[in-house]
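A.B. asks: What follows is a protein structure lacking sequence information:
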Ligand SMILES: [Zn+2]
């Protein structure tokens, strides 16, 4: 598994460990690749942050995605000129 293969499944992995084989491959890669590991850590802490902020409320996927889109725009603005994903 390489970064290109991992990118599209990363969110699936964060959301739910639905595929144990995939999880093992993911873990193996993230141990070796700090880019993907950091990305994963960001996704997890982002979700924890939302859960803490909206305690007791149901945070829908739609809502999470909306915030993420905003964040991505922000990151794009910030990281202009830097090499991104
Ligand atoms: Zn990687």
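C.D. replies: Nice, thanks for sending it over. These numbers were taken from a predicted model, which means no experiment stands behind them. Numbering: from 1, shown residues only.

A.B. asks: in this protein, which spans are helices?
C.D. replies: 3-15, 20-32, 34-53, 61-78 (DSSP state H).

A.B. asks: So which residues on this protein come close to the ion?
C.D. replies: When proximity is defined by Cβ under 5 Å from the ion, the chain lies next to the ion at 3, 33, 35-36. Yep, even glycine has a C-beta here, placed from its N, CA and C like the rest.

A.B. asks: TSV please, covering these and showing distance to residue 71.
C.D. replies: TSV is the format used below for the residues of the chain next to the ion (distance: Cβ to Cβ, whole Å):
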residue	distance to residue 71
3	20
33	22
35	18
36	18
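
A.B. asks: can you redo these as JSON lines with neighbour count?
C.D. replies: Output for these, formatted as JSON lines (neighbours: other Cβ atoms under 10 Å):
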{"residue": "3", "neighbour count": "13"}
{"residue": "33", "neighbour count": "16"}
{"residue": "35", "neighbour count": "12"}
{"residue": "36", "neighbour count": "20"}
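
A.B. asks: hmm, back to that, format the helices of the chain as a markdown table; extra columns: mean pLDDT.
C.D. replies: Listed next are the helices of the chain as a markdown table, based on pLDDT from 0 to 100:
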| stretch | mean pLDDT |
| --- | --- |
| helix 3-15 | 76 |
| helix 20-32 | 81 |
| helix 34-53 | 84 |
| helix 61-78 | 78 |
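
A.B. asks: about what we covered before: pick the one among the residues of the chain next to the ion closest to residue 43.
C.D. replies: residue 36 (10.5 Å; Cβ to Cβ).

A.B. asks: My guess is that closest one contacts residue 25. True?
C.D. replies: No. Under the criterion of Cβ atoms under 8 Å, residue 36 makes no contact with residue 25, lying 11.3 Å away.

A.B. asks: Now do residue 38 against residue 44, distance only.
C.D. replies: Distance, residue 38 to residue 44, using Cβ to Cβ, to the nearest Å: 11 Å.

A.B. asks: wait, I meant residue 63
C.D. replies: Distance from residue 63 to residue 44, by Cβ to Cβ: 17 Å.
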